[in-house]
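1. test case, fold it:
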Amino acid sequence: MTVTLRPYQPADLDRCMEIWWAASRHAHSFLGEDELAADAALVRAIYMPNAEVIVAERKDRVLGFIALIEAFVGGLFVDPQAHRQGIGRSLMRQASRLKGALTLEAYVVNEGARAFYRTLGYREILCQITDDWGRPYPLVRITNGEEIQHAHTAMRTWLAEFPELAA
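-> Residues are numbered from 1 along each chain as shown. Sure thing, here's the model as predicted:
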């Protein structure tokens, strides 16, 4: 079945957050509900309205989305019931068409995501011992390009615009 990609619209927010919750509980089960709730609040209030978001839909139902901050993938989330249907792959290809080489981060323990990105030709280039909020969950930086510093700097600059995100 064909998936249509289109720009995010504010009316998509509730469905995207449903997907975010389902996908986060599936892939980030090591995070507690309190941590997920805090992350969800940031996604809803900061990331969704300010990132460049592309949604994937089938029969007018959003099944996934990707949030871009320049060439940094701030998040890729697909409804777990729609996994392995090419939705994540389609979103990543579209993002790459728009931005060129991409960089992202994934939790080290999220082997499913890491394997997915490897199948797309991405490689892991750096590991940090905490996540971006200083929590004890190591992250790995992943890219399909040679030049990653610009994307990482752009992400940090973008985050600096939101002092409420400071730990």
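
2. tell me who's in contact with residue 44.
-> 13, 17 (Cβ atoms under 8 Å, 6 or more residues apart in numbering). All C-beta spots, glycine's among them, are computed from the backbone N, C-alpha and C.

3. how about it, phi and psi?
-> Main-chain torsions, residue 44, degrees, to the nearest 10: phi -70, psi -50.

4. how about residues contacting the longest helix seen in the chain?
-> Of all the segments assigned as helix in the chain under DSSP state H, the longest by residue count is helix 13-27. Contacts of helix 13-27 from elsewhere in the structure, counted by Cβ under 8 Å, 6+ apart, are 8, 31, 36, 39-40, 43-44, 48, 53, 55, 61-65, 75, 77-81, 107, 110, 112-113.

5. separate out the buried members of those.
-> Neighbour counting over these (16 or more other Cβ atoms under 10 Å) leaves 8, 31, 36, 39, 43, 48, 53, 55, 62-65, 75, 77-79, 107, 110, 113 as the buried ones.

6. output the longest helix of the chain as CSV, restricted to C-alpha atoms.
-> Extracted in CSV, the C-alpha atoms of helix 13-27 (Å, rounded to 0.1, in the frame of the first residue of the first chain):
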residue,chain,number,x,y,z
LEU,A,13,-0.3,17.0,16.6
ASP,A,14,-2.5,14.7,18.6
ARG,A,15,-2.0,11.8,16.3
CYS,A,16,1.7,12.3,16.1
MET,A,17,1.8,12.4,19.9
GLU,A,18,-0.1,9.1,20.0
ILE,A,19,2.5,7.6,17.7
TRP,A,20,5.3,9.1,19.8
TRP,A,21,3.9,7.5,23.0
ALA,A,22,3.4,4.1,21.4
ALA,A,23,6.8,4.1,19.7
SER,A,24,8.6,5.4,22.7
ARG,A,25,7.1,2.8,25.0
HIS,A,26,8.1,0.1,22.5
ALA,A,27,11.7,1.3,21.8
